[in-house]
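K.L.:
Generate a structure from the sequence data that follows.
(chains A, B, C and D)
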Protein chains: 2
Amino acid sequence: MDQALQAHPQSRMPGPPEADAPAPMFDLIELFFFAYRDFVGDADRLLEDFGFGRAHHRVLHFVNRQPGLMIAELLDILGITKQSLNRVLKELLDTGYVEARPGVTDRRQRLLFTTSKGRRLAMDLSDLQSRRFERALGELPQGAKGPAIDFLLAMIDPAQRDKVASLVWGQPYEGAK
Amino acid sequence: MDQALQAHPQSRMPGPPEADAPAPMFDLIELFFFAYRDFVGDADRLLEDFGFGRAHHRVLHFVNRQPGLMIAELLDILGITKQSLNRVLKELLDTGYVEARPGVTDRRQRLLFTTSKGRRLAMDLSDLQSRRFERALGELPQGAKGPAIDFLLAMIDPAQRDKVASLVWGQPYEGAK
DNA sequence: TGAAATATGTCAATATGGCTGACGTAAAAG
DNA sequence: CTTTTACGTCAGCCATATTGACATATTTCA
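P.N.:
Numbers count the residues shown, from 1 in each chain, chains lettered A, B, ... in the order given. The predicted structure follows:
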């Protein structure tokens, strides 16, 4: 019935002799894929109740994290175009999860803030995802959080690491606490 | 000029006193987001040269990993509908990266295999992503791979873990080697 | 002051990757 | 011989992203 489910053949390198290329790390590749999928799945389910998608989540999250964020900064963080952002942001503004206030020193800017409603949703989403991390870390030996942070940080493009670190901690990373 | 870039305010919990809810793990949440983005970015860039997207990548990857995979099994792994798969799979078949052979014992089945061209592309993609893992692990203390695997596995829904483990290792997980 | 750069908004067209529902067909299983 | 299974396909819809072009207000600078 399942001759289709054979033993995994990747232990044998197929094809002609290519010297000894390091074997691909299929385990990490696939685990990263599935772990991330479950990670975002938590939030996806909650967001559905509000008629929002992942795009809304990302906007809401970073606005909540950095109140007073400018449009241009948000675009830079998300790495999308303003046209893409606009539809999503508009919906968050229209439904009252995010509000925009003109900049004080520069009135061209629209500084973004979460409303109390938006803050609550953003927190609910973060709590959901934090609970997954808590569960996962709880299954691991004591002190697994530092190494996990180090691992994830090391996976990020070195060139982007400072930017990310200052976004995450408000300053360059100083090592596991 | 940048009163918009204030110190991060999340250290103070906003709103009324909600007792002491555990603080959200913003660091892990955001690092996971950025790490995954860079991780898939590597492959995305290579895939563009072939006119493929992430959907093609996933199909090619799992077919390469489990030669002789049935359509239904692939759908189960990817968690998408057959209609979604079909367009992508068709393109991989038409362009000769994947081939389908009727099942031997059950001729309704279409068993999927990568062609030599497909195997090469799949390996190139896996190598790219493996190189990122190698670089990352190289920046960490010796023996960081085991904990990384354990962390990612722990992040996966417990109910799905056996399925994932048997997909990744061909058997239930036995702990870091 | 007047021109240029900046921050943002908007219209239009397009691509990709998902979805649901309905229907068809060949082969296997009872 | 009927039902179930494995798969394909048509049609339409949605979400998220893209590029390009153009508009508008505001700030900056020569």
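K.L.:
Return the distance of stretch A:104-120 from the chain's centre.
P.N.:
22 Å (CA atoms, centre = their mean, to the nearest Å).
K.L.:
Go through it and flag the buried ones.
P.N.:
Across stretch A:104-120, burial judged by 16 or more other CB atoms under 10 Å in any protein chain shown covers A:Q109, A:R110, A:L111, A:L112, A:F113, A:T114, A:G118, A:R119. For glycine as for every other residue, the C-beta is placed from the backbone atoms N, C-alpha and C.
K.L.:
who's in contact with the second one?
P.N.:
When contacts are counted by CB atoms under 8 Å, 6 or more residues apart in numbering or on different chains, A:R110 is found next to A:M70, A:I71, A:A100, A:R101, A:P102, A:G103.
K.L.:
Pick out the residue nearest the middle of chain A.
P.N.:
Centroid-nearest residue in chain A: A:R58, 7.5 Å away (criterion: CA atoms, centre = their mean).
K.L.:
For that residue, which non-adjacent residue is spatially closest?
P.N.:
A:L78 (5.9 Å; CB to CB, 6 or more residues apart in numbering or on different chains).
K.L.:
The one you found and B:F39: what is the separation?
P.N.:
17 Å (CB to CB, to the nearest Å).
K.L.:
Please list the residues of chain A that sit near DNA strand C.
P.N.:
Within reach of DNA strand C by CB under 7 Å from any atom of the strand, chain A has these residues: A:1, A:70-72, A:82-83, A:86, A:89-90, A:100, A:106, A:108-110.
K.L.:
Which of the residues you listed fall in strands?
P.N.:
A:M70, A:A100, A:R110 (DSSP state E).
K.L.:
Please identify which of those residues is nearest to B:G175.
P.N.:
A:M70 (47.6 Å; CB to CB).
K.L.:
What are the neighbouring residues in contact with that closest one?
P.N.:
A:G103, A:Q109, A:R110, A:L111, A:L112, B:A4.
K.L.:
ok so, going back, for the ones in strands among the residues of chain A next to DNA strand C, which one is nearest A:A43?
P.N.:
For those, the nearest to A:A43 is A:A100 (23.4 Å; CB to CB).
K.L.:
Enumerate every residue touching the closest one.
P.N.:
A:A100 touches A:L93, A:R110, A:L111, A:L112, A:F113, counting by CB under 8 Å, 6+ apart.
K.L.:
again, only this time at 6 Å
P.N.:
Each residue near A:A100 by CB atoms under 6 Å, 6 or more residues apart in numbering or on different chains is listed here: A:R110, A:L112.
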